[in-house]
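**Q** Take this sequence and fold it.
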Amino acid sequence: MDKGSEVFNAGAVEITLEYRALMPDQGLCVQVFGEVDGNDVEILRFDCFDQLPHYHYGPANNNIRLNMDKTTVGNPFGWTMGHLRTKLPEMIRRSGYNALAEAVEANPVSEATLDEIEAKGRQMAVGMRRTVAHQFERMLEGDVYTVGNLRIGLEYRFAGASEGLAIHVLSDVADQTVELLAFDCFLAGPHYHYGPRNQDIRIYWDTTTSGDTLRWTLDQFYAGNLKGMIERAGYPTIANDVDEQLLQATMPAIEKRAFELVAENQNGGDDPKAALLKEIETLRERVAAL
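**A** Below is the predicted model:
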């Protein structure tokens, strides 16, 4: 693993920070480096990720990987800093570097340095979070379906070199429209988001196993999985109020319009509205590139 960009001299060791916006996970990475036989070696790594936080003893040695249980440890970065303050020599020793552990015991990391690391880490965790704010530029009012406390919007999007139908699941949070889920059924790189404006868990479809991604998405709605997906996105109160009976009654209209939009845009060369929208999108991309 590459060394973090924020490097702190901590006596016998160096402690580094790096925010990693991984797919689908993201979060702060804390590394402890030390000199071993003249080499700069990664001794410990704490991956304080949103979904699967974990840490490594001796990544360059035995690489013992253990998960953090967020139910018991609380905030992964806070837990990490607590152990750097109280258990650093013991953790270095378990990683297989006894001499370095003794050096840290003889020259402990100062509280001032640890405070500086913690302050910087918390700043990075908030300021560098990856979120997605879809603009709904091509979503027409008639393609938004109100289903109880939800609104389901259909939009044919052109995203860089790809295109495809996007299904947006929206609701109101504190008097603001919030996107809970987004399904980007693109021809290339199709993926979906849990909580785009929250944790942005982004999952890419394996089309070998999922088949047609639009069909897969609609099947999740029909199967009653929407409530569970909204919960995973971080909105349990909204999930509890989903009107499943109303959703199922509305799904045939949503499905029909979804496939109409795909046909209009992918096969609708004679459709002047679709052609005009595509031309506008192309011009917007050209202007943005200037």
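
**Q** Going along the chain, name the helices of the stretch 1-150 of the chain.
**A** All helices of the stretch 1-150 of the chain, identified by DSSP state H, counting those that start in this stretch, fall at 70-73, 76-86, 88-94, 98-106, 111-127.

**Q** average pLDDT for the first one?
**A** Mean pLDDT, computed over helix 70-73, is 89.

**Q** before we move on, what about stretch 145-165?
**A** 94.

**Q** Use 57 as the first number for this chain going forward.
**A** Done: numbering now begins at 57, and the last item shifts to stretch 201-221.

**Q** Put the alpha carbons of it into PDB.
**A** Provided in PDB are the C-alpha atoms of stretch 201-221 (Å, rounded to 0.1, in the frame of the first residue of the first chain):
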ATOM      1  CA  TYR A 201     -44.000   9.300 -10.000                       C
ATOM      2  CA  THR A 202     -45.200  10.100  -6.500                       C
ATOM      3  CA  VAL A 203     -45.500   6.900  -4.400                       C
ATOM      4  CA  GLY A 204     -46.500   7.800  -0.900                       C
ATOM      5  CA  ASN A 205     -43.500   9.400   0.800                       C
ATOM      6  CA  LEU A 206     -41.300   8.600  -2.200                       C
ATOM      7  CA  ARG A 207     -40.800  10.000  -5.700                       C
ATOM      8  CA  ILE A 208     -39.400   7.800  -8.400                       C
ATOM      9  CA  GLY A 209     -37.900   9.700 -11.300                       C
ATOM     10  CA  LEU A 210     -36.900   8.400 -14.700                       C
ATOM     11  CA  GLU A 211     -34.100  10.100 -16.700                       C
ATOM     12  CA  TYR A 212     -32.200   9.100 -19.800                       C
ATOM     13  CA  ARG A 213     -28.700  10.300 -19.100                       C
ATOM     14  CA  PHE A 214     -25.600  10.800 -21.200                       C
ATOM     15  CA  ALA A 215     -22.600  10.400 -18.900                       C
ATOM     16  CA  GLY A 216     -19.200  10.900 -20.700                       C
ATOM     17  CA  ALA A 217     -18.800   8.100 -23.200                       C
ATOM     18  CA  SER A 218     -21.800   6.100 -21.900                       C
ATOM     19  CA  GLU A 219     -25.500   6.600 -21.700                       C
ATOM     20  CA  GLY A 220     -28.600   4.800 -20.300                       C
ATOM     21  CA  LEU A 221     -31.600   5.100 -18.100                       C
END
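
**Q** buried set for it?
**A** 201, 203, 205-214, 219-221 (16 or more other C-beta atoms under 10 Å). For glycine as for every other residue, the C-beta is placed from the backbone atoms N, C-alpha and C.

**Q** And stretch 250-270, by the same measure?
**A** 250, 251, 252, 253, 254, 255, 256, 257, 258, 261, 269, 270.

**Q** do stretch 227-245 as well
**A** Neighbour counts over stretch 227-245 (16+ other C-beta under 10 Å) mark 227, 234, 235, 236, 237, 238, 239, 240, 241, 242 as buried.

**Q** which residues does residue 60 contact?
**A** 72, 73, 74, 85, 86, 87 (C-beta atoms under 8 Å, 6 or more residues apart in numbering).

**Q** if you skip the residues just before and after it, what's nearest to it?
**A** Counting by C-beta to C-beta, 6 or more residues apart in numbering, residue 60 lies nearest to residue 72, which is 3.1 Å off, once chain neighbours are set aside.

**Q** so residue 233 is in which element?
**A** Using DSSP states H and E, residue 233 maps to strand 232-242.

**Q** for the record, mean pLDDT for that strand?
**A** For strand 232-242, the per-residue pLDDT averages 96.

**Q** With stretch 106-114 instead?
**A** 95.

**Q** mind checking how far the helix or strand encompassing residue 303 is from the chain centre?
**A** Using DSSP H and E, the element containing residue 303 is helix 300-322. For helix 300-322, the separation from the chain centroid amounts to 27 Å (computed by C-alpha atoms, centre = their mean, to the nearest Å).

**Q** what's it packed up against?
**A** On a contact count with 3 or more C-beta pairs under 8 Å, 6 or more residues apart in numbering; DSSP states H and E, helix 300-322 meets strand 200-203, strand 206-215, strand 218-229, helix 269-278, helix 328-345.

**Q** any idea of the mean pLDDT in that helix?
**A** Taken as a whole, helix 300-322 has a mean pLDDT of 95.

**Q** I'd like to check the angle between it and strand 218-229, please.
**A** 150 degrees (axes from the mean of the first three to the mean of the last three C-alpha atoms, to 10 degrees).
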